[in-house]
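Visitor: Generate a structure from the sequence data that follows.
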Amino acid sequence: MTRTGKIARLPREIRDQLNQRLNDGQPGRRLVTWLNSLPEVQQVLAANFDGRPLTEQNLSEWKAGGYLDWQARLETLDQSRELAADSRELAAATDGKLNDHLTTMLSARYAVALAEWDKQTTGTFQDKLLKTSADQNAVCTKCHAETLGPFVYEHPPLKLEGCTSCHFPHGSPNPRLLTRNNVNSLCLQCHSASMNFTAPGTPSFHNQANQYQACTNCHVMIHGSNASSVFFK
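Guide: The predicted structure is shown next:
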């Protein structure tokens, strides 16, 4: 995917330096100041963006897109190096019958994985299926960047349980890949008066009919909001 934002237009050498600094945990304000001070960056901004400087919002958008792409490329390179080293060792140890040995090895690994599978896509087995176990949501937010945050007001399930607390990622008969066919029933799984949940219950005037037939009619920013603690638009 070709990116066209301000940072995406910068020379690759500068983008690589930025990505490494992000990886090292340098704060956003310092990074923006550093970028805007570089003559190469100033030249790109003057030629393509009327000289408007980079902002922390530009950096946030890059972190949700180009930076994740860079991390994925690094991981792919590391895996390729490991596979190349493994292949050399296998070739030396298999007397030229590498394909036969690889077929046997892969079949055995799949057999073990299937034996451990409880036919559910939750828990440990789900973690192994995802491309990133450190932050499972990163698989989703690579495309759905608008849900990434951080937000002033976070929706706790998104941070604690991840996207799969409400969505079936591989397919669903319900709109938006939801785990329930009705938005309200999905919300009420947590937002009901119960000793088992700490989420606030629904107010008495929410009669679940007419104008209140879908929670998201009002609570639009359900993944998180910078303006409303109850996720109004």
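Visitor: helix or strand for the most centrally placed residue in the chain, which one?
Guide: What sits nearest the mean C-alpha location of the chain, by CA atoms, centre = their mean, is Ala138, with 1.9 Å. For Ala138, the host element (DSSP states H and E) is helix 137-141.
Visitor: Buried residues in the host helix or strand of Val41, which are they?
Guide: Using DSSP H and E, Val41 sits in helix 39-48. Within helix 39-48, the residues scored as buried using 16 or more other CB atoms under 10 Å are Val41, Val44, Leu45. (C-beta placed from N, C-alpha, C; glycine too.)
Visitor: Could you pull up the mean pLDDT of that helix?
Guide: Across helix 39-48, pLDDT averages out at 93.
Visitor: Over to stretch 109-128?
Guide: On average, stretch 109-128 scores 63.
Visitor: Spell out the residue ranges of the helices in this structure.
Guide: Assigned by DSSP state H, the helices in the chain fall at 12-23, 28-37, 39-48, 56-63, 66-93, 98-116, 123-129, 137-141, 156-160, 183-188.
Visitor: Worst mean pLDDT among the ones you listed?
Guide: Set side by side, these give their lowest mean pLDDT on helix 123-129, at a mean of 55.
Visitor: Can you tell me how far Ile222 is from Leu54?
Guide: Distance from Ile222 to Leu54, counting by CB to CB, to the nearest Å: 31 Å.
Visitor: Could you do Pro203 as well?
Guide: Taken as CB to CB, the span from Pro203 to Leu54 is 44 Å.
Visitor: How about Cys140?
Guide: 27 Å.
Visitor: These two: who's more crowded?
Guide: Neighbour count, other CB atoms under 10 Å: between Cys140 and Leu54, Leu54 has more, with 24 against 18.
Visitor: Assess the claim that that one and Lys6 are in contact.
Guide: Yes. The pair Leu54 and Lys6 passes the contact test of CB atoms under 8 Å, sitting 5.7 Å apart.
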